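> Sharing a model that was predicted from the sequence below.
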Amino acid sequence: MVEKPQKIGKYEIKSSLGEGGNGIVYEGYDPDIQRRVAIKILHPHMISGKLGEELLARFKREAISAARCVHPNVVSILEYGQYEDKPFIVMEYIDGVSVHRLIKHRLKHKRGISLRRNLSIM
């Protein structure tokens, strides 16, 4: 587990929201406009080595593609940048429960997820 930074660029880091194979998503705060944001940052080992340049380009394309997508069910991209040689994407923060957590909770209580709920998630 990577130690949580205090800041990424101008953004104050509040907590870790999740971690995957490629990176970490943090809850952040933009002091300029006083709002919560989500910040996705790549793991440092992802951008080193032979595939580093390709993964960095793919991460930037992800930011550009997502920024072009304007839809109520897609988070808005607010910024793409680099901080201390680490690329990051700043997105609107959506308060809610992850699908993983929802499924885990439902299975723990031996309840499935209804077809209606599945369709609303999709």
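Ah, there it is. Numbering: from 1, shown residues only.
> if I've got this straight, residue 27 is in a helix?
No. With DSSP: H, G, I helix; E, B strand; the rest coil as the criterion, residue 27 is assigned strand and is not in a helix.
> That one and residue 93 touch, don't they?
Yes. Using C-beta atoms under 8 Å, residue 27 is in contact with residue 93, at 6.4 Å. C-betas here are computed from N, CA, C, even on glycine.
> For this protein, which segments are assigned as strands?
Taking DSSP state E as the criterion, the chain carries its strands at 7-8, 11-19, 23-30, 35-42, 77-83, 86-92.
> Switch those over to CSV; also include distance to residue 112.
Converted to CSV, the strands of the chain look like this (distance: least, C-beta to C-beta, whole Å):
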stretch, distance to residue 112
strand 7-8, 39
strand 11-19, 24
strand 23-30, 28
strand 35-42, 29
strand 77-83, 34
strand 86-92, 31
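> which one of these lies closest to residue 111?
Using C-beta to C-beta as the criterion, the shortest distance between residue 111 and the strands of the chain is 23.4 Å, found for strand 11-19.
> pull the longest helix from the protein.
Among the elements of type helix in the chain, defined by DSSP state H, the one spanning the most residues is helix 52-68.
> how near is residue 39 to residue 53?
22 Å (C-beta to C-beta, to the nearest Å).
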